[in-house]
Structure formats: structure tokens, C-alpha cells
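> Please find the sequence and the predicted model below.
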Amino acid sequence: MAPPPLDIRHHPCALADPDADLAFLLAEVSWDERMRARRTASFGLPYDYSGQYYDAVPMPPRIAAIAAIAGAHAGHPFNNCLANLYEDGSNTMGFHQDSYGGLVPGSAIAIVSLGATRRLAFRSLDRTHREQLALEHGSLLLMTEVTQRGWTHAVPRESSAGCRISLTFRHFGPQAVQA
Ligand SMILES: O=C(O)CCC(=O)C(=O)O
Ligand SMILES: [Fe+2]
């Protein structure tokens, strides 16, 4: 049986200065510790993510600049950034589909990766197909709603991995019900 379409676009070197972006995030972000498997932070519009409510927080200019790069690739703006801090390879994200509740139909979800390379694992919903992608320092990945319909994705445990931050960008519509 053919796998469902894995509608992703990967740009390995999307950022101008990923070292400076990583240093900024490590120095300046106040990380939220409510999640068990990793630390998080949200910027831009408020967001109800995975059962946790995040208030509206202005995007720092450096994050807004990364959002603009992601937006240029996606062809639309992004107005929320949910950041994930994986301190080492024991911090993970389990298989899930990203919710499109409140997102502009047809918009992409972007993942910008900084720091240690981690694998993004994809599994078709019927569990017959698997794919994986190495998300490297400074890379950008765009996923669409089509991806979410046919596949789940995860950041599996990776024993030797060092510290990584992912910035995930979403485009919420004006009528978004986020709380
Ligand atoms: O950290 C990553 O690369 C994955 C992030 C993700 O899937 C999410 O925030 O929904
Ligand atoms: Fe996700």
C-alpha cells in the first residue's frame, strides 16, 4: 500500500547566524518547566499547547527575524513561536499530530533547529511506513496539514545528543480560539 503523502520541505542552511541565535536563546529565554520531557517557551500570540496555556509575549526581535525567514520560505507570516529546549538526548517528544485548531487553513508549521542534531521520526497513522530526517543546526523544516493528516512525528531519545532548541512557528487566524 502506498504511504500517505509526507508533505515536507527541508532547508538545511536557512539561518544567517545560527550560533548567535542559539547563544541568544540560551541566555535570554525564561523556560517553562510544566512539561515533563522538555522545557518550553511561547512568543507572539497566546497559545493553548498540549494542555498548557501560554500568555501572549512579544516576540524578541531576534525571534521575529527568524519568523520572517521562515515566513519567506512558507509564503505566509507566522504569529506564534513555541520553543522547545532539549537539554540532552534524554529529552524527547513522543509521536503526535500537530493540531490545526485556530491555524489559518493551508498554512505551514515551521520547525527551526539550533544546536545538536536530532532525528525527527515520522510514522504513518496506520503504522505501516516510517521515515526520518536529521534536523541540523540552522535548518528549517516546513510541514503542512496534509502531513499531519497522514503521519505522526516524534523526537526520539538519542543517548549521545547534546543540547538542542527547536523553534516551531504557527500562523493563527484572526478568529483563533486559543484558550
Ligand atoms: O522539536 C522538534 O523538532 C519537534 C517539535 C514539534 O513537533 C512540536 O512542537 O509540535
Ligand atoms: Fe509537532
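That came through fine. Ligands and ions are numbered 1, 2, ... in the order given.

> Show me the beta-bridge partners of the residue nearest to Phe78 when sequence neighbours are not counted.
Across the structure, with CB to CB, 6 or more residues apart in numbering as the measure, the residue nearest Phe78 apart from its sequence neighbours is Phe169 (3.7 Å). In this view, the C-beta of every residue, glycine as well, is placed from N, C-alpha and C. Beta bridges link Phe169 to Cys81, Ala110, judged by DSSP bridges.

> ok, now His11?
With DSSP bridges as the criterion, the beta-bridge partners of His11 are Leu140.

> Could I get the contacting residues of it?
His11 sits next to 73, 139-142 when contact means CB atoms under 8 Å, 6 or more residues apart in numbering.

> What's the local residue count around the residue nearest to Phe78?
The burial count assigned to Phe169 is 29, neighbours taken as other CB atoms under 10 Å.

> Give me the distance between it and Pro60.
Relative to Pro60, Phe169 is positioned 14 Å away (criterion: CB to CB, to the nearest Å).

> same deal with Thr128?
The spacing between Thr128 and Pro60, counted by CB to CB, is 43 Å.

> Could you name the specific helix or strand carrying Ala67?
Counting by DSSP states H and E, the secondary-structure element that holds Ala67 is helix 61-74.

> Give the other helices and strands that that helix contacts.
Contact analysis of helix 61-74 by 3 or more CB pairs under 8 Å, 6 or more residues apart in numbering; DSSP states H and E lists helix 18-28, strand 80-86, strand 109-115, strand 139-143, strand 164-170 as its packing neighbours.

> Go through the ones you listed and name the closest to Val155.
With distances scored as CB to CB, the stretch of the helices and strands packed on helix 61-74 nearest to Val155 is strand 80-86 (6.9 Å).
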